[in-house]
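> Pasting the sequence and the predicted coordinates here, then a few questions.
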Protein chains: 4
Amino acid sequence: MLDRLRSAARRVQGDRAVRALLGDCRRLLSARGEANSPAIAADIVGQIDRLGDDQRLSFFEHLAQDFGPDVQQVLDAAQAYAQAPTDPQRLLALTQAAEPPRQELFRRLNRTPGGTAAIVRLRRALLERLPKQAPLATVENDLLHLLSSWFNPGFLQMRKVDWNSPAQLLEQIIRHEAVHEVDGWDDLRRRLQPDRRCFAFFHPQLPDEPLIFVEVALVPEMAAQIAPLIDKKSQPLDPAQFKVAVFYSISNCQPGLRGVSLGNFLIKRVAEQLKRELPQLKTFCTLSPIPGLMAWLHKAKDTFTTLPAAAGESAAQALAALRKAAGDELASLGTGAGLGALPEAGHAALSTLAALYLVHASPTPKGDPVARFHLDNGARLERLNPRANLSAKGLKQSAGLMVNYLYDLQRIETCHDRFVHGRVVHSRAVAALL
Amino acid sequence: MLDRLRSAARRVQGDRAVRALLGDCRRLLSARGEANSPAIAADIVGQIDRLGDDQRLSFFEHLAQDFGPDVQQVLDAAQAYAQAPTDPQRLLALTQAAEPPRQELFRRLNRTPGGTAAIVRLRRALLERLPKQAPLATVENDLLHLLSSWFNPGFLQMRKVDWNSPAQLLEQIIRHEAVHEVDGWDDLRRRLQPDRRCFAFFHPQLPDEPLIFVEVALVPEMAAQIAPLIDKKSQPLDPAQFKVAVFYSISNCQPGLRGVSLGNFLIKRVAEQLKRELPQLKTFCTLSPIPGLMAWLHKAKDTFTTLPAAAGESAAQALAALRKAAGDELASLGTGAGLGALPEAGHAALSTLAALYLVHASPTPKGDPVARFHLDNGARLERLNPRANLSAKGLKQSAGLMVNYLYDLQRIETCHDRFVHGRVVHSRAVAALL
Amino acid sequence: MLDRLRSAARRVQGDRAVRALLGDCRRLLSARGEANSPAIAADIVGQIDRLGDDQRLSFFEHLAQDFGPDVQQVLDAAQAYAQAPTDPQRLLALTQAAEPPRQELFRRLNRTPGGTAAIVRLRRALLERLPKQAPLATVENDLLHLLSSWFNPGFLQMRKVDWNSPAQLLEQIIRHEAVHEVDGWDDLRRRLQPDRRCFAFFHPQLPDEPLIFVEVALVPEMAAQIAPLIDKKSQPLDPAQFKVAVFYSISNCQPGLRGVSLGNFLIKRVAEQLKRELPQLKTFCTLSPIPGLMAWLHKAKDTFTTLPAAAGESAAQALAALRKAAGDELASLGTGAGLGALPEAGHAALSTLAALYLVHASPTPKGDPVARFHLDNGARLERLNPRANLSAKGLKQSAGLMVNYLYDLQRIETCHDRFVHGRVVHSRAVAALL
Amino acid sequence: MLDRLRSAARRVQGDRAVRALLGDCRRLLSARGEANSPAIAADIVGQIDRLGDDQRLSFFEHLAQDFGPDVQQVLDAAQAYAQAPTDPQRLLALTQAAEPPRQELFRRLNRTPGGTAAIVRLRRALLERLPKQAPLATVENDLLHLLSSWFNPGFLQMRKVDWNSPAQLLEQIIRHEAVHEVDGWDDLRRRLQPDRRCFAFFHPQLPDEPLIFVEVALVPEMAAQIAPLIDKKSQPLDPAQFKVAVFYSISNCQPGLRGVSLGNFLIKRVAEQLKRELPQLKTFCTLSPIPGLMAWLHKAKDTFTTLPAAAGESAAQALAALRKAAGDELASLGTGAGLGALPEAGHAALSTLAALYLVHASPTPKGDPVARFHLDNGARLERLNPRANLSAKGLKQSAGLMVNYLYDLQRIETCHDRFVHGRVVHSRAVAALL
């Protein structure tokens, strides 16, 4: 009984907090607030940070409902524009009418120091809610639109991360590395030796927080295995032997920036910088996981049917060959059991299946996410490497198979264009597997 | 004949350059261009910088005509939205349809290092054309919209400018000072001594170029004359005597950012910083010119009729008194001739006229621009100072009269709000003049 | 046989290298070398770094024998000076004759970038040899003289070390911490939180290498136990509660600078800086080990006889009391066994013995080195803390006893002066123990 | 009468100040002062800066008389050393006895921030007194000895000075330029364009004060005239045409460092840096004044007799030829009058005289100071340029003649060695003049 009363009291108090916050948001948008907007914005940022989960949800709902375009104004402006599309005033009226007022609200929040960080945090909280709360998507669209403009690569600073970087930054690198976990400071130290590089994007408003970083190995030839690249006991290579730059890991650090294009720009800027510094580098490629492969195979009944007829047939044959070689037990490959004894024919079948998966599924939304990222960036599907990652994660995802995507800066525009039109540019070696 | 041929050839070549540039703009906006956009953007920036005047005009015209919203799409999206305003997809479709594609074009140009600077230069060139080319206003609106978002005060860095600043920066300060001309390096040096301060806004993308700067004098009481503040021979004041911070000059450095709100934010950030550093500062005010006063008086026949009846009558009386005191020769005051001999009654009449002008004309677009700037910022009209600026410019503009606007950080929101609603908040001293 | 030949060949080659090096040293000192000295110095630095151990010893021997003052010149100059001590030329001749030429050699080596670091390395190598090779002391004296002048505190930069410092610097802190070992990066991180501080001295010529660093805990009262200060799980304290700054560790990083006074200056500069930053700090003290206590007790028969009569008697009584309380087994205390069960009387006896040791033995060269360091710096012997350090090292050195030395900046000159004259200034609490 | 009393009172007060200062100096040197030396040093620095001229002189006299080596100690130590020169303790005792205690005093003064600057100021004041007060030379020797060690080129930082440097630094460059006066900021600006360079030495303890700077012109061939190099209206040269680096001005900024070798090291470090940056530079030379030429000619009767017989004869003939050509009026050349009409034969005679002067007089202390500086640095006398400097100063010093000294980094050691032994290395062109 008492509990219910308390909870009711809390709710009332929470409602009051949200109402006050919304009042200040309207004040910030008003003509009156204009004169004092950085101070009001600072105050609002503080209020938002103090909201409980329920209140924040309520705040999002109000942003969605109360800060959208006015229906009648939109209709009027659209018609006025249609009648005289060359009249600057009418176009201005249209764009202003169609822009949700919350965009201007967010822009004004950004006037206070710390505003940008607060908006990134806000979107992070919103994205956690989103799958359950579809109407909030409209707020999310506005945030993504603004953050894409503000985290434009022209505004980002690329910095080398090395052993001279501040410990607090390196700690974030350890925490955010999402592909090949960093096993403590010694491991990180090895990854920052002269034959390993790490670069990150930073935004002037978040100077101490990396947005995204990429790790690169400088090696004599295109890498076919991940273990040597991340072996913390390995000896640094002599720079005279650097021929190939292998991007072996790329990790986002800011969940609130999901969907803002960063990795694409980072990889290319790193490639350019390395080329300038080390003209002997001739090849820029990745050594990437295929996180969706085993799941795709396990659902072969469904997934194969989406392939073109000839490809579906090849897939079926390869799967049969793989089953035969692996003792009819696909799942075991995902644990590593049986992989040691898998005959060469089994690996060939596995590579063929991977090639079919990457070539045919990647252009669809259900394709392998890593493949989609690099192919959309304009990379070429270059080589499949069996037994490339024998860690538990690597076995589970793709029975140890990894893939090299090749970044040829002269061809990325063409490759990307093909990909946008549903075709995956690949090497002859991959073609031979199909 | 030959000349005409040559000029025709140049035109053809110019047309070709514009066509090529427009082609690249479309490519940058295309899906295909996405993969390589920083490189394409860099290329486009170079092309724009090489355009001749006529070609640039032609480019602007194409931006206005070819990169606007599609009329039918806008209408459809507006109606679809009106039918289901809570559907996020429909709102998204509407805002996308209503946003001119050239906005996205400018955002993508910004992906290359130097893109921001190029866009600022582009707008500068456009503003020079604008009065003659009204349809281009639509392009201008888009540029202003984007630049306001990117030069948001949250993204700007305020830096103190002093005698330790790089010479190349100080040289820009000398060049751009627009209110009280800097008479060489010695003059500047005096303006950067500890009892004079200078602060500027910078943008991370234009690190060596000040956007706007303000000059401040720290003095024992609210200044009534400009000469002592800019006397390059004067002795620096002991910090123990600092009581009042007088903003005596504010100058924009980037014509391409005209209309982007900067000065308002700069003055307030400077006031906050000075308050933190020197808690003994109790008053923050300006000593400002009244550039429109004499022109307004010279057109008294027209301008007085726009005043409220009582005010118009007061103005007429004051003008008569002034004429009497000044020997019926108003124009002479604007040259300084006669000002020396002007009896006290004449100065009182002049002050009354100025008070009427500032209080009644400022809220209208034709009001004094300096007054409109400070009053819109939320400052209060505090005091009129006769014989405050005896330079040729000061005499011409306002017969030597200057005005203090007071920034009371606790009241700027109220003052601004009043001003937006047509009323000028003023001190009792000013009220007494009315 | 072959081995002997090889070794002989190596020796010959080595002799040649030393001869070449000595030739270049003479060239650097010659008038001829003056014009090109930085280049010659750079060359010599390289040669020294390539010497083997035996060759380096041979080089040191030559420095000692061949680069000393000329006997006859010294005698002549001394007599000439004695005859006319006010003649500037004669004094100049004397100081030049008496200064070993190797000092000028070292000064010229210092003309090349990296020269300072090379000289510090040279002295480090020399100090390792020294105990066995007394005649080399003469070279050592010269190096110490020059390094004391060059690493003068006026030339040193004090920097705060914190979690924003470069990882490579923090790694050096971990490696060089000599008092309370740092247990990995997490431990270090805790020691760099706002209630723990770390400051180091740097020299402009060795910008990446700390020379010495001190660790400080900011706490509410004078610490009586070390464990809470270095507990890596502890919660940071609120700054409002900082009252006392406890210097709990000081470590040298450069063996080549042994004997150059650094710690004394560092502690005082840190105290001044903390006082400025945190005026609420009222007390600056240490929590220090007593590394010589148990060894002194174990040799009680010999060591007690060096005490003044009354003190010797007190010591004997206290030792008897301690033996009785500890079950006659002193050694066990040094291992922690028995310490748990030691009755209060035993701890009192131990404290009395420590007080006698610190007060009477410290002014002699055989006294406790930590005590001698702080007392010579002008600190006061303030408090003895039983059960303060229960680590194996703490038990072995002093049966867990630790001591606070108090730095009262107003009194350090007096305390130091007393200490120089053989007396240890101590608190009443310590006096009560004697 | 009253005046005399007042002056006596001032003297008594001054004496008291000097006595107090000397007391503190002794305290700083004492064992007691050791514990607190930075604070005592700071106090002494303050006292010294407040001394009046007479008091400072008195202070210097006491430093000379009271802080020198003890005669008996010196004799004893010298004899003890002579008896056992390999005993490290005896050598140590000797060097300590022979070193004036004021050296240690200055080293301890250096322990306070600002100590180095204070010692440089002290020496500056001393040098101003020196010619009149010979016994003070002994203090001067000690200061020079220490400052030479502390301003060792290994401790100096070379920085490029350009238009991005702080205005306060550039202001010092304008003030200290001693060879070709800088005519305001525009002139300086031209001298910092890409085809003109300026480099300065800085010491970490005086970070804002240049010690010495050199100005360099990058040109297509060895310059024969100064005017084009310092023409502030000239157009910057394209870097592709840089072939020769001409050091056309070198100026000291710190009178207190007179006699400390700086210029020699600066020129060579600049040459190395330019060579690295611009490998196309093949020649490094000066275009230097001959400040002593006309004075030498005017005293021909005396000066010619110091030349070797043959040279003396040549000089006499050339002088006769010059007189004939110049209309018997030598002095007029020094004012420019007559120089315009001087026939080629006159210029040839003038060049011959200059060559004789530079080759034969430079190795002696009375030689041309600029020549002595460059030749001692190891430069070669390369070319004489008539009509090279037509400014009043250039005409007065050398009738417009200037000289190129060539820095060939491979040969400076040889050239310097020859110069030390009395011979001036010169080019064939110069040989032809002799």
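Now that the structure is in, tell me what you want to look at.

> Output the lowest mean pLDDT helix or strand found in chain A.
helix A:330-333 (a mean of 74; mean pLDDT, DSSP states H and E).

> Tell me the buried residues in the helix or strand just after that one?
Scanning forward in sequence from helix A:330-333 by DSSP states H and E, the next helix or strand is helix A:344-356. Under the neighbour-count criterion of 16 or more other C-beta atoms under 10 Å in any protein chain shown, helix A:344-356 has A:346-356 buried. (C-beta placed from N, C-alpha, C; glycine too.)

> Keep only those residues that also lie close to chain D.
Applying C-beta under 8 Å from any C-beta of the partner chain, the subset of these adjacent to chain D is empty.

> what's in contact with the least confident helix or strand of chain A?
Helix A:330-333 is contacted by residues A:294, A:297-298, A:322-323, A:326, A:338-339, A:342, A:350, A:395, A:399 when judged by C-beta atoms under 8 Å, 6 or more residues apart in numbering or on different chains.

> what residue ranges in chain A score low on pLDDT?
A:1, A:328-329, A:338 (pLDDT under 70).

> Longest helix in it, please.
helix A:2-29 (DSSP state H).

> Which strands and helices lie in contact with that one?
If you count contacts as 3 or more C-beta pairs under 8 Å, 6 or more residues apart in numbering or on different chains; DSSP states H and E, helix A:2-29 packs onto helix A:37-50, helix A:53-66, helix A:101-109.

> Quick check: residues of chain A near chain C?
Near chain C, when you scan chain A using C-beta under 8 Å from any C-beta, you find A:163-168, A:170-171, A:184-185, A:189.

> Where helices are concerned, which of those count?
A:167-168, A:170-171, A:184-185, A:189.

> between the residues you listed, which is nearest chain D?
Taking C-beta to the nearest C-beta as the measure, A:Ala167 is the one of those closest to chain D, at 26.1 Å.

> Isn't the closest one up against C:Ala167?
Yes - counting by C-beta atoms under 8 Å, C:Ala167 is a contact partner of A:Ala167 at 5.2 Å.

> mind giving me the domain ranges of chain A?
Domain assignment for chain A, taken from automatic domain parsing, gives A:2-150, A:154-286, A:293-433.

> could you redo those as a markdown table and give each row distance to D:Ala20?
Putting the domains of chain A into a markdown table (distance: least, C-beta to C-beta, whole Å) gives the following:
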| stretch | distance to D:Ala20 |
| --- | --- |
| domain A:2-150 | 52 |
| domain A:154-286 | 49 |
| domain A:293-433 | 75 |
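
> Please identify which of the ones you listed is closest to D:Phe373.
Distance to D:Phe373, taken as C-beta to C-beta, is lowest for domain A:154-286 among those, at 41.2 Å.

> and the closest one, is it in reach of chain B?
Yes - on the criterion C-beta under 8 Å from any C-beta, domain A:154-286 is in touch with chain B at A:154-155, A:157, A:204-205, A:264-265, A:268-269.

> ok now stretch A:100-110, how far from the chain's centre?
Offset of stretch A:100-110 from its chain centre (C-alpha atoms, centre = their mean, to the nearest Å): 25 Å.

> what sits up against that stretch?
Outside stretch A:100-110, the residues that touch it by C-beta under 8 Å, 6+ apart are A:25, A:28-29, A:33, A:37, A:40-41, A:44-45, A:63, A:67-69, A:115-116, A:118-119, A:138-139, A:142-143, A:145-146, A:150, B:91, B:95, B:148-149, B:152, B:154-155.

> Ok, stretch A:122-135 next?
Contacting residues not belonging to stretch A:122-135 are listed as A:48, A:56-57, A:60-61, A:64-65, A:136-137, A:139-140, A:143-144, A:147, A:254-258, B:86, B:88 [C-beta under 8 Å, 6+ apart].

> What of stretch A:162-177?
Here stretch A:162-177 makes contact (C-beta under 8 Å, 6+ apart) with A:161, A:182, A:184-185, A:188-189, A:192, A:198, A:200, A:208-210, A:213, A:215, A:249, A:251-253, C:163-168, C:170-171, C:185, C:189.

> May I see the buried residues of that stretch?
For stretch A:162-177, by 16+ other C-beta under 10 Å, it's A:162, A:165-174, A:176-177.

> now do stretch A:211-228
Across stretch A:211-228, burial judged by 16+ other C-beta under 10 Å covers A:211-219, A:222-223, A:226.

> and of these, the nearest to chain D?
A:Leu218 (25.5 Å).

> Without its sequence neighbours, what residue ends up closest to that closest one?
Nearest residue to A:Leu218 in three dimensions, chain neighbours excluded: A:Phe242, at 4.1 Å (C-beta to C-beta, 6 or more residues apart in numbering or on different chains).

> I figured the one you found was touching A:Pro194, is that so?
No - counting by C-beta under 8 Å, A:Phe242 does not reach A:Pro194; the two are 9.3 Å apart.
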